[in-house]
Structures are given as structure tokens and as C-alpha cells.
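*Asks:* let's see this in three dimensions:
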Amino acid sequence: MELQKMGEEVGTERLNGTVPNHDKAAVLENGFEGEEHAMTEQEEFLPHNNSKKLNQFTDFEGKTSFGMSVFNLSNAIMGSGILGLAYAMSNTGIVLFVVLLICIALLSSYSIHLLLKCAGVVGIRAYEQLGLRAFGHSGKVVAAVIISMHNIGAMSSYLFIVKSELPLVIQTFLGSSGNTNEWYMNGNVLIIVVSICVILPLAMMKHLGYLGYTSGLSLTCMCFFLISVIYKKFQIPCPLNETHHEVPEYYNVTTEDDVCAAKIFTVNSKTAYAIPILAFAFVCHPEVLPIYTELRRASKRRMQNVANVSILAMFVMYLLTAIFGYLTFYGNVEAEMLHTYIKVDSLDRLILSVRLAVLLAVTLTVPVVLFPIRRAIQQLLFHKKDFSWLRHVIIAICLLIIVNLLVIFVPNIKDIFGFIGATSAPSLIFILPSIFYIRIVPNEKESLLSRSKIQAACFAGLGFIFMVMSLSFIIVDWVTTGKSSVGGH
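*Replies:* Sure, this is the predicted structure:
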């Protein structure tokens with residue numbers, strides 16, 4: 001009775017189909033009152049003949065705690081790009097890198113704010129449905145396709161790391177006498193084994209919130225990586241350190257006096273590549289609304305706090321990793337920082353443990369990234385269907401098969417998904433949230449010339465600049481060197 005009474009006061013059960021009876025204030029905070037024009041959309045999105053009927057994606061009465069939501073979103077933010085941040089710092093200098101990192105973190109938080117505000121206006125917590133509300137069916141399709149492209153690219157990049165790194169780690173454990181012809185030394189076989197034994201069981205979970213524990217483990221592995229980077233800073237001497245008499249051949253040390261001096265501010269031919277690398281480092285937007293859906297006592301403010309804590313935590317981790325990695329190798333750091341450590345000492349047990357930790361972290365991130373793709377597919381093809389375990393499992397299996405085939409048979413997968421990442425990441429961070437906000441928020445509430453909508457329009461313009469710049473860098477690399485330096489997530 002209390003739930004029905006609340007429904008009469010609010011107008012309809014518009015918090016994705018069910019309004020928790022303990023959270024009326026959160027509903028009002030999200031701005032659902034007075035938005036009668038969204039009623040028809042909501043009825044099409046979630047038919048509610050029975051107020052207790054569950055939706056096909058979740059029951060919408062969030063059960064995931066604040067901490068678990070932070071773990072999941074932080075895990076979604078942190079990608080393999082963390083391994084390239086020290087290289088980015090070497091091409092920007094410490095001060096410029098910190099300024100860029102702060103700007104990108106703030107812009108990412110603002111982008112999530114736009115998404116949550118759109119969701120609050122119309123009572124929809126699905127990226128694809130925001131596209132439908134803003135631009136009709138074509139907007140829904142575009143949002144779903146961009147999310148799928150980006151997350152398939154991210155999943156492929158993670159499995160590509162497993163394919164290339166896991167055989168080397170096994171070989172190191174077995175010693176140089178290991179037989180490279182054995183099945184367990186074949187990267188293609190190993191990614192299939194990892195997909196079946198680790199990723200698929202986790203992808204079977206009905207709710208994203210259940211992955212909070214594995215996300216916590218993944219973040220723990222990356223914290224171990226960070227601690228090891230800091231420790232190694234004080235263990236690996238500078239090539240020109242007078243106390244270090246034998247210089248590793250790898251360094252190819254020149255006679256420049258400042259080879260061991262940190263650059264505070266620098267600009268070179270590779271500086272521009274640092275901006276896309278940093279921008280892509282905070283891409284988590286496809287996961288924001290699914291996590292919001294499952295958040296306990298969900299409200300716009302509470303979800304924004306989840307996003308802010310996650311972004312702040314990743315900002316600190318990114319900054320420390322970049323600084324200590326850069327101050328270890330200075331200008332000699334590679335785009336893949338782990339490779340730099342391996343070339344110094346390939347048998348270092350600590351670095352071997354770090355490689356295992358990174359492999360575990362990226363493996364446990366794949367199921368988190370898979371959820372938004374499956375949600376997008378269900379929104380497009382099975383929107384009016386009730387939840388089905390069979391469909392839930394089949395979609396996960398098909399996605400993993402597609403990603404495995406891409407990693408196995410496409411030789412230049414990094415270039416392909418670098419290209420996809422250069423188009424999808426700016427769209428997800430800058431363009432889509434901005435244009436959704438401009439279209440969804442009624443002009444009666446905020447006119448087109450209001451400060452908020454002008455800011456959103458400028459934000460979308462910045463996204464187009466990022467996209468054009470990233471694509472230009474990739475095309476130039478293809479023409480000059482035959483490979484891309486701009487990675488995805």
C-alpha cells in the first residue's frame with residue numbers, strides 16, 4: 001500500500017520500474033516530479049502492469065553497497081593504460097603531466113554528472129535508453145554500437161596482454177629449458193583456457209554488483225604493482241650514477257649531462273600522444289549507469305560520490321605510478337613499462353610477481369567490461385523480454401568467442417582497436433553525455449542559452465577535437481611507421 005501511495009504522489013514508478021519504498025527522497029532528488037512528458041517513454045521502457053514485477057536486467061532496488069560500487073567503477077576505470085603513463089610523463093614533463101591528469105579527471109567527473117542528470121530528468125538508468133529519449137531509435141542504436149565497440153576493444157586488449165605475457169611468465173617459471181612447443185606455451189590456447197575457466201564463470205553472474213569482490217582483488221593486484229614500482233625506484237640506479245659501475249646494455253646511455261634529470265616541462269614530437277592516453281585512462285562511462293542501477297539507496301548524489309571517490313583513487317594511483325616509473329628510467333622508459341623492467345632483469349622475482357598480478361588484474365576486469373555490452377544487446381534486441389538465464393549465458397559465450405577470435409586471428413589488433421578507441425572513447429566521455437544533456441533537459445527548465453547547456457556544448461566540441469586529434473595521430477603513425485602509438489583503454 002505504501003508503494004502504491006508513493007506511486008500516486010510521484011506520478012509513476014519511474015526509477016527504472018520500481019521505486020524503493022525507503023527512498024522517496026532520492027526519487028525527488030533525481031528530479032522525477034513534474035516531468036509528465038517522460039511518462040510515456042517510461043511506460044514504453046518498462047511496462048509495469050504489476051508493481052512488483054522485476055525488470056529483465058535487475059530488480060532496481062539496489063543491493064550493492066557503496067564500497068562494492070566503488071570497487072567496480074574503479075576497476076572499470078583502470079585499464080592496461082596505466083602501464084603507459086610513465087612514458088606519457090617522459091614526453092610531457094612532470095608539471096604538464098600533472099596538469100593534464102587533473103584536467104582529464106575533472107572533465108571525466110563532469111561528464112558523469114551530465115549522465116546522472118539526464119538519468120534523473122527522465123528516470124532512466126540505461127545509456128541506450130537515454131539515446132532513445134534524446135534522438136529516438138537511431139540514438140539508441142548509436143549508443144549501443146559505440147558502447148559495444150569500445151568495450152569489445154577493451155576486452156580484446158586485455159586478452160591480448162594475456163596472450164603475449166602469460167607464455168613468457170610460464171617460460172620464466174620453467175626456466176630457459178622449457179619446451180616452447182607445449183600447449184601451455186601457446187598464447188592462443190592460453191586465452192581460451194583463461195576465458196573458459198576464469199572469465200566465463202564470472203560473466204555468468206546476473207548482477208554486476210556481485211563482481212565487487214573480484215574487482216577488489218583486481219585493484220589489490222594493481223596496488224601491488226604500484227608498490228613494486230615505488231620500491232624499484234630505490235633499487236635500480238640511474239645509468240650515470242657514479243656508484244653504479246656496470247651500466248646495463250639496454251640503456252644505450254649517451255653522454256648528455258641531464259640523462260638522469262627529471263624534466264619538469266617538455267614538448268617534443270610525441271607530447272601530443274600523451275593527451276589521448278590520459279583521456280582514455282578515465283573511460284568508465286558504459287559501466288556508470290549499470291552500477292548506478294544496482295547501487296543500494298540509489299540517488300544522483302550518492303552515485304556521483306561513488307564516481308568521485310573512484311576517480312580520485314585512480315588519479316592518485318595513476319600519478320604515483322607515472323612519477324615513480326618515470327623517475328626510475330627517465331627518458332629510457334618504454335610505452336609498456338613492464339617491458340622496461342624485464343629488459344633490466346628478466347629473472348627478477350619481484351617483477352615476475354608483478355607480471356602475474358597485472359595478468360590477474362586485467363583478466364578479472366574482462367567480466368566487468370562485458371556486462372555493458374550484454375546490456376546493450378539486450379536493450380536493442382530483447383528489450384520487451386523478461387530476464388532469461390539461457391539468453392544471459394548465450395550472449396556472454398558469443399561475446400567471448402568473438403573476442404577470442406579477434407585476438408587469435410587479427411595480427412594488428414592493437415591498431416584496429418586503437419582506431420576504435422580513438423572514436424568511441426571521446427564519444428563516451430565527451431560527445432554523447434553532452435548532446436544527451438542538451439536534448440533531454442527541457443528548455444523550460446534550462447534554455448539553450450543557459451550556462452549549463454553552453455558548457456555542455458563546449459564539452460561536446462572538445463570531444464570532437466580529441467577525436468580528430470587521436471585519429472590524426474594514428475593515421476600518421478600508420479603512414480610513417482606502420483603501427484599506432486595511441487592505445488585505447
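*Asks:* so after the helix or strand bottoming out on mean pLDDT in the chain, what's the next helix or strand?
*Replies:* Least confident element among the helices and strands of the chain, by mean pLDDT, DSSP states H and E: helix 39-45 (a mean of 37). The C-terminal neighbour of helix 39-45 among helices and strands, as given by DSSP states H and E, is helix 66-77.
*Asks:* average pLDDT for the helix or strand just after that following helix, rounded please.
*Replies:* Next in sequence after helix 66-77, counting helices and strands by DSSP H and E, comes helix 85-90. Average pLDDT, helix 85-90: 89.
*Asks:* pull the number of nearby residues for Arg451.
*Replies:* 9 (other Cβ atoms under 10 Å). Heads up, the C-betas are built off the backbone N, CA and C, glycines and all.
*Asks:* quick one: pLDDT of it?
*Replies:* So, for Arg451, pLDDT stands at 90.
*Asks:* ok, it to Ala457 distance?
*Replies:* Distance, Arg451 to Ala457, by Cβ to Cβ, to the nearest Å: 11 Å.
*Asks:* nearest spatial neighbour of Ile440, skipping sequence neighbours?
*Replies:* Sequence neighbours aside, Cys118 is the residue nearest to Ile440 in space, at 4.7 Å (criterion: Cβ to Cβ, 6 or more residues apart in numbering).
*Asks:* swap in Lys206?
*Replies:* In space, and not counting its chain neighbours, Lys206 is closest to His392: 6.9 Å by Cβ to Cβ, 6+ apart.
*Asks:* tell me the secondary structure at that neighbour.
*Replies:* Classification of His392 by DSSP: H, G, I helix; E, B strand; the rest coil places it in helix.
*Asks:* for it, give me its contacts.
*Replies:* Met204, Lys206, Arg374 (Cβ atoms under 8 Å, 6 or more residues apart in numbering).
*Asks:* which ones are touching the second one?
*Replies:* With contacts defined as Cβ under 8 Å, 6+ apart, Lys206 is in contact with Phe387, Trp389, His392.
*Asks:* what mean pLDDT would you report for stretch 174-184?
*Replies:* Averaged across stretch 174-184, the pLDDT comes to 69.
*Asks:* and whichever strand or helix holds Gly120 with helix 66-77, angle?
*Replies:* Per DSSP H and E: Gly120 is located in helix 94-122. If you take axes from the mean of the first three to the mean of the last three Cα atoms, to 10 degrees, helix 94-122 sits at 120 degrees to helix 66-77.
*Asks:* just checking, what packs against helix 94-122?
*Replies:* Here helix 94-122 touches helix 127-135, helix 271-280, helix 285-294, helix 300-329, helix 432-440, helix 451-480, going by 3 or more Cβ pairs under 8 Å, 6 or more residues apart in numbering; DSSP states H and E.
*Asks:* what about that helix, distance to the chain center?
*Replies:* 14 Å (Cα atoms, centre = their mean, to the nearest Å).
*Asks:* and stretch 153-169, by the same measure?
*Replies:* Put simply, stretch 153-169 sits 16 Å off its chain's centre (Cα atoms, centre = their mean).
*Asks:* mind listing what's buried along it?
*Replies:* By neighbour count on 16 or more other Cβ atoms under 10 Å, the buried set for stretch 153-169 is 153-163, 165-167, 169.
*Asks:* surely Leu327 is in contact with Ile230?
*Replies:* No. Counting by Cβ atoms under 8 Å, Leu327 does not reach Ile230; the two are 9.8 Å apart.
*Asks:* nearest to Val441, of the buried residues of stretch 153-169?
*Replies:* Ala154 (29.8 Å; Cβ to Cβ).
*Asks:* and that closest one, what pLDDT?
*Replies:* pLDDT, Ala154: 85.
*Asks:* thinking again about what came up before, could you dump the helices and strands packed on helix 94-122 to TSV with distance to Ile401?
*Replies:* Output for the helices and strands packed on helix 94-122, formatted as TSV (distance: least, Cβ to Cβ, whole Å):
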stretch	distance to Ile401
helix 127-135	23
helix 271-280	26
helix 285-294	21
helix 300-329	31
helix 432-440	28
helix 451-480	27
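*Asks:* closest to Leu370 out of those?
*Replies:* helix 285-294 (10.5 Å).
*Asks:* what mean pLDDT does that closest one have?
*Replies:* Across helix 285-294, pLDDT averages out at 87.
*Asks:* what's in contact with it?
*Replies:* The contact list for helix 285-294 (Cβ under 8 Å, 6+ apart) reads 16, 57-58, 60, 62-64, 69, 72-73, 76, 111-112, 115-116, 119, 125-127, 130, 147, 150-151, 207-209, 298, 303, 306-307, 368-369, 371-372, 375-376, 428-429, 432-433.
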